[in-house]
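# sequence and computational prediction follow.
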Amino acid sequence: MGSCVKAVATAAATSYRVLIAGCSYSGLSAAVNLLEQCDKIESPVPVDIIIVDERDGFYHLIGSPLALAAREYSEKAWVEFKDIKVLQRPNVRFVQGSLGKVDPGSKTATISERGNQTPRQEKYDYFIAATGLRRVWPVVPQSLSRKLYLMEAGKHISAVTSSTAPVLVVGGGAVGIEMAAELKVTHPHVNVTLAHSRDKLLSSEPLPDSAKECAGDLVVGSGVELLLNHRLADSKIIKDEAGRDVYEVEFTNGHRMVASEVVMAISRSIPSTAFLPQEALNEEGLVNVRATMQFPDNVPNAASHFASGDVINWSGIKRCGAAMHEGKLAALNIYQLMQQQQLGKEPEFNLLAEIPPMIGLAVGKTALSCGPEGMSHGPQVMKLFFEDDLGFRICWDHLRLGGIKA
Ligand SMILES: Cc1cc2nc3c(=O)[nH]c(=O)nc-3n(C[C@H](O)[C@H](O)[C@H](O)COP(=O)(O)OP(=O)(O)OC[C@H]3O[C@@H](n4cnc5c(N)ncnc54)[C@H](O)[C@@H]3O)c2cc1C
């Protein structure tokens, strides 16, 4: 038997092991799309998928500003893995744990499983890194289980809604804008102030000034007090007349205010790629993928290693739509490689195009979109981009997490 025929026979006999790190938009998109390909009646491929995530399920990150303002929505925004219907099948395994190391040469990952002191090793045929960016509290809840997250979010909601003095949100990037506006719109009695160090909101985004100015108008229109050119210098806890802890805040321009809570929405996010070899990464820690979503070819077995979502070094503003699209491309290309091995078919890779700057920004009951087609804002943009649940239904159905419709 020739070596090619032997390889085909061996490949057909056992399932491919695919390890996906990250159970969020990009990792879930990769898993669902790969299963869909491998289930094809005309060319089925046996596959075993392992999904590893530090959390016990999927957290709808886009909804975070509302999840930290409205209890009912917090319940909805985190779905435990066992409740993701489409992935409840024998050939999909979920591991709650942290990926410690990936050795592309031996195709082995080291995983520290929750509740198990000893890290274990997992062999794979294909690997997808979809571990996103590490973000600090209160941009993102830090809990790893749904139960603890509900407590964490609940405590925050109590603190920001029982305030007498204004709640100060610091940082006028997309996250700060959304946090301030969601809090104001959900709890109109709360005075919310958004402070930003520059003269325009969204100042670090590659967007036209018209979009930045429009964001400012929408923030003010939502009832949030906007302080531009206000860089935080200091904040210290003092007692108010009733003996409660409040913050005395000072800005570098000399302005002072008292706030009941200070919500910092300004931290730099760090790619969660410490488990990867340095040669796969750029200086910021993002994965230097090729347009096929594969690792750069200086990494051993680069062709079997993929990355998608916020972890990749690619053009465009980091967005969940891009993360889902890239996860799908990784899945389609892995399937092409499986087909090559099984049938000797030349792979037809799907390539990721350059992504122009674009954004969809929810500002309370309205939204702003800006991209190559220009800028638009209003409730109709909110409906199109987010509906009435900050995009939960749109993402859930796009990912087909409730089940693939026949
Ligand atoms: C507050 C906020 C609002 C946003 N709003 C919008 C919006 O309106 N529209 C939009 O398009 N985008 C928005 N974004 C950006 C969007 O959320 C991201 O682009 C998207 O989450 C990227 O998806 P991802 O799957 O690549 O990574 P993530 O969603 O970050 O998921 C990564 C997953 O990997 C897991 N993980 C990380 N490291 C490890 C490890 N070592 N081991 C195991 N698991 C690990 C994490 O627990 C997480 O579940 C927003 C972001 C934030 C923070």
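Nice, thanks for sending it over.
# wouldn't L329 be in contact with Y335 here?
No. Here L329 lies out of contact with Y335, judged by C-beta atoms under 8 Å, at a distance of 10.8 Å. Where you see a C-beta, it was placed from the backbone N, CA and C, and this is true even at glycine.
# which residues of the stretch 301-406 of the chain lie near the ligand?
309-310, 318-321, 323, 360, 362 (C-beta under 6 Å from any ligand atom).
# which ones among these lie within helices?
Using DSSP state H, 320-321, 323 are the members of these that sit in helices.
# quick one: the residue of the stretch 251-400 of the chain found nearest the ligand and T273, what's the gap?
Nearest residue of the stretch 251-400 of the chain to the ligand: G309, at 2.2 Å (C-beta to the nearest ligand atom). Distance of G309 to T273, computed by C-beta to C-beta, to the nearest Å: 11 Å.
# for the two, indicate the residue with more neighbours.
G309 (31 against 26; other C-beta atoms under 10 Å).
# circling back to that earlier point, among the ones in helices among the residues of the stretch 301-406 of the chain next to the ligand, who's most crowded?
A323 leads those on contacts (other C-beta under 10 Å) with 27 neighbours.
# residue contacts, it?
Applying C-beta atoms under 8 Å, 6 or more residues apart in numbering to A323 gives the contacts 24-26, 29, 130, 132, 308-310.
# also V363?
V363 touches 177-178, 181, 215, 218-219, 221-222, counting by C-beta under 8 Å, 6+ apart.
# PyMOL command for the buried members of the residues you listed?
With 16 or more other C-beta atoms under 10 Å as the criterion, this PyMOL line picks the buried residues out of these:
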select buried, resi 177+178+181+215+218+219+222
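# can you flag which of the contacts of V363 belong to helices?
Those of the contacts of V363 lying in helices (DSSP H): 177-178, 181, 215, 218-219, 221.
# the residues you listed: which ones sit near the ligand?
Checking the ones in helices among the contacts of V363 against the ligand (C-beta under 6 Å from any ligand atom), the matches are E178.
# so which of the ones in helices among the contacts of V363 comes closest to G115?
When the ones in helices among the contacts of V363 are ranked by distance to G115 (C-beta to C-beta), E178 comes first, at 34.3 Å.
# quick check: residues of the stretch 1-150 of the chain near the ligand?
So far as C-beta under 6 Å from any ligand atom goes, the stretch 1-150 of the chain lies against the ligand at 21-27, 52-55, 61-62, 64-65, 98-99, 130-133, 135, 139-140.
# related to what we said a few turns ago, max pairwise distance over the contacts of V363: which two?
Top of the distance list for the contacts of V363 (C-beta to C-beta): E178 and G221, 14.5 Å.
# nearest to the ligand, out of the contacts of V363: which one, please.
E178 (5.8 Å).
# excluding chain neighbours, what is closest to that closest one?
Spatial nearest neighbour of E178, chain neighbours left out: P65 (3.9 Å); criterion: C-beta to C-beta, 6 or more residues apart in numbering.
# ok, then the element right after the lengthiest strand in the chain?
As assigned by DSSP state E, the longest strand anywhere in the chain is strand 92-103. Counting by DSSP states H and E, the element after strand 92-103 in chain order, helix or strand, is strand 108-113.
# need the contact partners of that following strand.
Under C-beta under 8 Å, 6+ apart, the answer for strand 108-113 is 19, 21, 52, 95-103, 119-124, 127, 275.
# how about 7 Å then?
19, 52, 95, 97-102, 119-124, 127 (C-beta atoms under 7 Å, 6 or more residues apart in numbering).
# got a PyMOL select line for the buried ones in those residues?
In PyMOL, this line selects whichever of the contacts of strand 108-113 come out buried by 16+ other C-beta under 10 Å:
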select buried, resi 19+52+95+97+98+99+102+122+124+127
